[in-house]
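In: kindly return the folded structure for what I paste below:
(chains A and B)
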Amino acid sequence: MNGIDSKKASAKLEVRDLTIDYGQAPILSEVNLAVYEHEIFGIIGPANSGKTSFLKALNRMDMFTPSMNVRGEVFFNGRNLRKWTNVYNLRKRIGVVFPLPVGLPMTVYDNVSLAPRLARIKNKAELDIIVERCLRRAALWDEVKDRLNSLGSLLSGGQQQRLTIARALSQDPELLMLDEFSIAVDPVTTMRIEDVLKELKSEITIILVTNLVQQARRLADRTAFFLTGQCVEIGETEDLFNGKVKDERTSDYIEGRFG
Amino acid sequence: MFTASDLNLRNRKTEKLFRILFMLMSVLLILPVLTILGTLIYKGGSVVTIDFLFTNPTDGMTAGGIFPALLGTIWLVAVALLFSVPLGVAAAVYLSEYAKDSWFTRLINLCIINLAGVPSIVHALFGVGAFVLFFRFGTSILAASLTLGIMTLPVVIVATRESLQAVPFAFREACWNMGATRWQTIRRVVLPNSISGILTGIILEVSRTAGETAPIMFTGAAFFLPFLPQGLFDQTMALSLHLFVISTQVPGVPEGIPYGVALVLISMVLLMNSVSIGFRIYLRGKKKW
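Out: This is a model prediction of the structure:
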């Protein structure tokens, strides 16, 4: 935890004693971590280790799950976001990509221009620019530029996932959270999205939850290992994969001895 | 080696037996519909002419047409819908999109179920008490329509809520994650994708409302009126009540006329239903996910 204090100034997101339960035993207990500006922060761990609930707590989506209880503090740009009243403004600044792509049942164009429109941007020319830029950044522009007016929900799975990413980018977020985005995507598309993420890093902060250990290795600057509701270890990705771990379970998981 | 055993054969026989049994049961359903329609067309078909539809009844309702009743039914249905659709859709949107599962929402749901179970004659008496007497609307189109509207509310609410629930939750979640408010999500994603179901429910509702007799009998529908209603506070004739009256209350009505009225009423309902079905097929073709 020493690392946090010394680098506090550049912490984009700081989580303190975050505990989550669904009415019974905590599924995530007392997580403390910090995510720095312009880094890709990887979270690895087997199923049911609390990764997705962790993301939900960060953009206050727990509001929509009545049984979900969240305790602890999360500082986003230094402000405790668990206490923000304008959650809509908060969610606008945090983009999310789900494991399964969700193409909204509207055209490709409308999918990507929805967030700007919600933010009351009405100028068609301005929207055109945003749509093209976001689709380009999600490596989807070349494939859909001729059919922007066809339904987004009819694209292939991999394309829909990139559409979801384009949509998440269209709200111009400061933080992008990806939850096992490559589950429904073929390897080639996965690599293309990974390239996109590496480029995006210079502009925004990224939290990458993944069950592919090697994906974290390829992308993440630092990686946290979650196991059965606990944050076992946080370290430079390089170190974790080179065996410089504080907890044996981390190296066991990374080297595939369980999980 | 692969010859059928006795058990196999017996299983196949029972299988066949039950299939035929169930099929017969479902075919039986067609029978009443065909009988009713057949009888009505056979006995009343010759009565229904353009003249019949658009002239007043004459000679103490033993001759002439049904125009005031036809128009009256349209009035009643239209005003009832103006009342029950906005109210029902709004209530359903609240219950489906905003309400949390609490004792309060459970109470509301219980009320809806019970409202749907109230017999129509009880609705009629409630209408008399509430709209005719308490609100002093008198026996009028307004009172009768409001009574019909309240009676049809549960169906509008249930149909709307089901169409809203049919929109995948992931769509809402995706929208919320972009910072959309509940209302923005409802307007941009939920309503556009459930409108077909809502409209279908409403159209089906129309057909039910058109046929009701009891709720309008004491609240606004008249035995006989020589003139057309001029406004919401006038009484009106209605097809359903007219049919009741000429079949049971007026002596000397030629046999064809009640059948003709029934045919017009059922045609209205069937027309509405086919519009609804056609509409659903059209929208299913445009289904977006």
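
In: residue boundaries of the strands in the stretch 51-200 of chain B?
Out: Ranges of strands in the stretch 51-200 of chain B, per DSSP state E, counting those that start in this stretch, are B:57-58, B:63-64.

In: beta partners of the residue nearest to residue A:97 when sequence neighbours are not counted?
Out: Distances taken as CB to CB, 6 or more residues apart in numbering or on different chains put residue A:178 closest to residue A:97, at 4.5 Å, once the chain neighbours are dropped. Heads up, the C-betas are built off the backbone N, CA and C, glycines and all. Judged by DSSP bridges, the bridge partners of residue A:178 are residue A:97, residue A:208.

In: residues near residue A:178, how many?
Out: Using other CB atoms under 10 Å in any protein chain shown, residue A:178 has 25 other residues around it.

In: check residue A:214 too.
Out: Neighbours of residue A:214 under the rule other CB under 10 Å: 11.

In: can I take it that it is in a helix?
Out: Yes. Looking at residue A:214 with DSSP: H, G, I helix; E, B strand; the rest coil, it is inside a helix.

In: roughly how far does it sit from chain B?
Out: 27 Å (CB to the nearest CB, to the nearest Å).

In: if I pick the residue nearest to residue A:97, what's in contact with it?
Out: Taking CB atoms under 8 Å, 6 or more residues apart in numbering or on different chains, we find residue A:178 in contact with A:96-97, A:165, A:197, A:206-210.

In: and the residues you listed, which of them are buried?
Out: A:96-97, A:165, A:197, A:206-210 (16 or more other CB atoms under 10 Å in any protein chain shown).

In: now the helices for the stretch 1-150 of chain A?
Out: Using DSSP state H, counting those that start in this stretch, the helices of the stretch 1-150 of chain A run over residues A:2-6, A:51-58, A:87-93, A:108-118, A:124-137, A:141-144.

In: out of the contacts of residue A:178, who's nearest residue A:227?
Out: Closest approach between those and residue A:227, by CB to CB: residue A:209, at 13.8 Å.

In: save the contacts of residue A:178 as CSV, and put in pLDDT and distance to residue B:210 too.
Out: Below are the contacts of residue A:178 laid out as CSV (pLDDT from 0 to 100; distance: CB to CB, whole Å):
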residue, pLDDT, distance to residue B:210
A:96, 90, 49
A:97, 90, 50
A:165, 90, 52
A:197, 90, 60
A:206, 94, 60
A:207, 94, 58
A:208, 94, 60
A:209, 93, 56
A:210, 90, 59
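
In: return the member of those nearest to residue B:197.
Out: For these, the residue nearest residue B:197 by CB to CB is residue A:96; the value is 28.6 Å.

In: I'd say the closest one and residue A:56 touch.
Out: No. In this structure, residue A:96 is not within contact of residue A:56 by CB atoms under 8 Å, at 9.0 Å.

In: which SS class is whichever residue of the stretch 151-259 of chain A sits closest to chain B?
Out: Going by CB to the nearest CB, chain B is nearest to residue A:153 of the stretch 151-259 of chain A, at 4.5 Å. Under three-state DSSP, residue A:153 falls in the helix class.

In: distance check, it against residue A:159.
Out: 11 Å (CB to CB, to the nearest Å).

In: tell me which parts of chain B are close to chain A?
Out: Contact residues (CB under 8 Å from any CB of the partner chain) of chain B with chain A: B:100-101, B:170-171, B:173-181, B:184, B:188-189, B:192-193, B:288-289.

In: if we can go back for a sec, to residue A:222, which of the strands of the stretch 51-200 of chain B lies closest?
Out: Per CB to CB, nearest to residue A:222 of the strands of the stretch 51-200 of chain B: strand B:57-58, 87.2 Å.

In: just checking, what packs against the closest one?
Out: Strand B:57-58 is packed against strand B:63-64, with contacts defined by 3 or more CB pairs under 8 Å, 6 or more residues apart in numbering or on different chains; DSSP states H and E.

In: pull up the pairing partners for the strand it packs on, direction included.
Out: Sheet pairing for strand B:63-64, assigned by DSSP bridges, gives strand B:57-58 (antiparallel).

In: show residues contacting the strand it pairs with.
Out: Strand B:57-58 is contacted from outside by B:63-66, B:68-69, B:224, B:242, using CB under 8 Å, 6+ apart.

In: one more time with 10 Å
Out: Strand B:57-58 is contacted from outside by B:63-69, B:224-226, B:237, B:242, B:245-246, B:250, B:253, B:257, B:261, using CB atoms under 10 Å, 6 or more residues apart in numbering or on different chains.

In: give me every residue that touches whichever residue of the stretch 51-200 of chain B sits closest to chain A.
Out: Per CB to the nearest CB, residue B:179 is where the stretch 51-200 of chain B lies closest to chain A, at 3.3 Å. When contacts are counted by CB under 10 Å, 6+ apart, residue B:179 touches A:59, A:86-95, A:115, A:118-119, A:171, A:173.
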